[in-house]
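Colleague: How does the following fold in three dimensions:
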Amino acid sequence: MFGTRGFARADVVYRKWDNFYTSYRNTTTGKSSDQFGTQYDLAVVRSDNGIYNRDYKAIQTQFSYRLLQQLNFGGTYTFSRLKGNLIGENTGSGPLVGDNNEGWYPEYRQAHWDYPTGYLEADTRHRARLWASYDLATRVGVFDFSVLQNFDSGSPYSVVGFIDSRPYVTNPGYLTPPASVAYFFGGRGTVPTTCLAATAATRFSRAKRLSSGRDWSDAQAPIWLPRARVAK
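Modeller: Alright, predicted model coming up:
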């Protein structure tokens with residue numbers, strides 16, 4: 001606490017995901033057939049047995065301070081790391097069933113190049129938010145002016161392609177072995193980016209004085225004016 005004018009705090013965050021829904025298809029799952037007698041390699045969905053991992057570690061800080069009666073400023077900063085060997089979701093489907101693992105045609109893939117552990121695409125090492133607001137009292141009401149600045153560091157990416165590993169494997173009896181499997185060249189998330197994205201916005205709202213003496217804020221219809229977006 002900074003007296004009665006402000007505060008600061010820091011939190012340590014650790015999140016660990018496990019028991020992902022995983023699709024298994026190997027020599028123990030057998031085969032199935034449809035009503036026409038066509039056979040397929042049977043896939044079984046169950047929770048994984050320690051195949052996938054996903055860990056998030058972060059230090060989150062925030063502060064707020066009233067410098068003057070009308071002037072406030074504050075901010076947040078997060079330093080984090082997100083590592084694992086499974087994305088687990090996307091914007092189109094949400095949660096996904098993992099099928100790139102040692103239980104899905106395991107003879108045709110290896111962990112260190114098909115589903116290695118490393119920094120995931122959602123890993124953003126530095127995130128910062130800074131804002132300031134000023135209340136201007138006039139005869140017609142109180143006007144609030146605020147500025148918000150966002151800073152995000154770059155995210156890692158992987159050099160990954162798809163290969164056909166069938167020529168190098170003796171088929172143990174599958175009907176449809178995979179024609180292509182993922183191959184990470186150099187590991188997962190090993191290519192860093194030095195991009196720093198910054199976004200600024202300005203907000204304006206007006207508070208009117210009612211006859212009852214209470215304040216009514218026009219916050220439902222604020223005006224946001226994007227000022228800049230830069231990447232280096």
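Colleague: and Leu82, bridged to which residues?
Modeller: Leu82 forms beta bridges with Tyr56, as assigned by DSSP bridges.
Colleague: For it, give its distance to Lys31.
Modeller: In this view, Leu82 and Lys31 are 38 Å apart by Cβ to Cβ, to the nearest Å. C-beta coordinates here come from the backbone N, C-alpha and C atoms, glycine included.
Colleague: Over to Lys83?
Modeller: 37 Å.
Colleague: just to revisit the earlier point, okay, Leu82 and Lys31: which has more neighbours?
Modeller: Leu82 (20 against 11; other Cβ atoms under 10 Å).
Colleague: does the residue positioned nearest the centre of the chain count as helix, strand or coil?
Modeller: Nearest residue to the geometric centre of the chain (Cα atoms, centre = their mean): Ala122, 4.0 Å. Following DSSP: H, G, I helix; E, B strand; the rest coil, Ala122 is assigned to coil.
Colleague: The closest residue to it other than its chain neighbours: what's it in contact with?
Modeller: The shortest distance from Ala122 to any non-neighbouring residue, by Cβ to Cβ, 6 or more residues apart in numbering, is to Leu82 (5.6 Å). Leu82 makes contact with 54-56, 119-120, 122-123, according to Cβ atoms under 8 Å, 6 or more residues apart in numbering.
Colleague: rerun that using 6 Å as the cut-off
Modeller: 56, 120, 122-123 (Cβ atoms under 6 Å, 6 or more residues apart in numbering).
Colleague: now the end-to-end length of stretch 78-94.
Modeller: 25 Å (Cα to Cα, to the nearest Å).
Colleague: Look up how far Phe20 lies from Lys57.
Modeller: 19 Å.
Colleague: Who has more neighbours out of the two?
Modeller: Remark: of Lys57 and Phe20, Phe20 carries more neighbours, 19 against 14, as counted by other Cβ under 10 Å.
Colleague: shouldn't that one be in contact with Asn53?
Modeller: No - the criterion here is Cβ atoms under 6 Å, and Phe20 misses it with Asn53 at 9.2 Å.
Colleague: okay but Phe73 is in contact with Ser133, surely?
Modeller: No - the pair Phe73 / Ser133 is not scored as a contact, 7.6 Å apart, by Cβ under 6 Å.
Colleague: Below-threshold pLDDT in the protein: ranges please.
Modeller: Where the chain drops to pLDDT under 70, the residues are 1-2, 99-100, 194-232.
Colleague: Flag every buried residue along stretch 49-56.
Modeller: 51-52, 54, 56 (16 or more other Cβ atoms under 10 Å).
Colleague: ugh, wrong one, stretch 70-80
Modeller: Within stretch 70-80, the residues that count as buried by 16+ other Cβ under 10 Å are 72-75, 77-78, 80.
Colleague: So which of these belong to strands?
Modeller: 72-75, 77-78, 80 (DSSP state E).
Colleague: what's the distance between the nearest residue to Ser33 once chain neighbours are set aside and Asp164?
Modeller: Sequence neighbours aside, Gln39 is the residue nearest to Ser33 in space, at 4.7 Å (criterion: Cβ to Cβ, 6+ apart). For Gln39, the distance to Asp164 (Cβ to Cβ) stands at 23 Å.
Colleague: Repeat that for Asp55.
Modeller: Taken as Cβ to Cβ, the span from Asp55 to Asp164 is 32 Å.
Colleague: What of Glu121?
Modeller: Distance, Glu121 to Asp164, using Cβ to Cβ: 25 Å.
Colleague: Send me stretch 97-113 as CSV with only the CA atoms.
Modeller: C-alpha atoms of stretch 97-113 as CSV (Å, rounded to 0.1, in the frame of the first residue of the first chain):
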residue,chain,number,x,y,z
VAL,A,97,-8.4,-34.5,-28.9
GLY,A,98,-4.7,-35.2,-29.0
ASP,A,99,-3.7,-37.7,-31.6
ASN,A,100,0.0,-37.0,-32.2
ASN,A,101,1.5,-39.2,-29.6
GLU,A,102,3.1,-42.5,-28.9
GLY,A,103,-0.4,-44.2,-28.8
TRP,A,104,-1.3,-43.1,-32.4
TYR,A,105,0.5,-45.4,-34.8
PRO,A,106,3.5,-45.3,-32.5
GLU,A,107,5.8,-47.2,-34.9
TYR,A,108,5.7,-44.3,-37.3
ARG,A,109,6.7,-41.4,-35.0
GLN,A,110,9.1,-40.5,-32.2
ALA,A,111,8.6,-38.1,-29.4
HIS,A,112,11.7,-35.9,-29.9
TRP,A,113,10.7,-34.9,-33.5
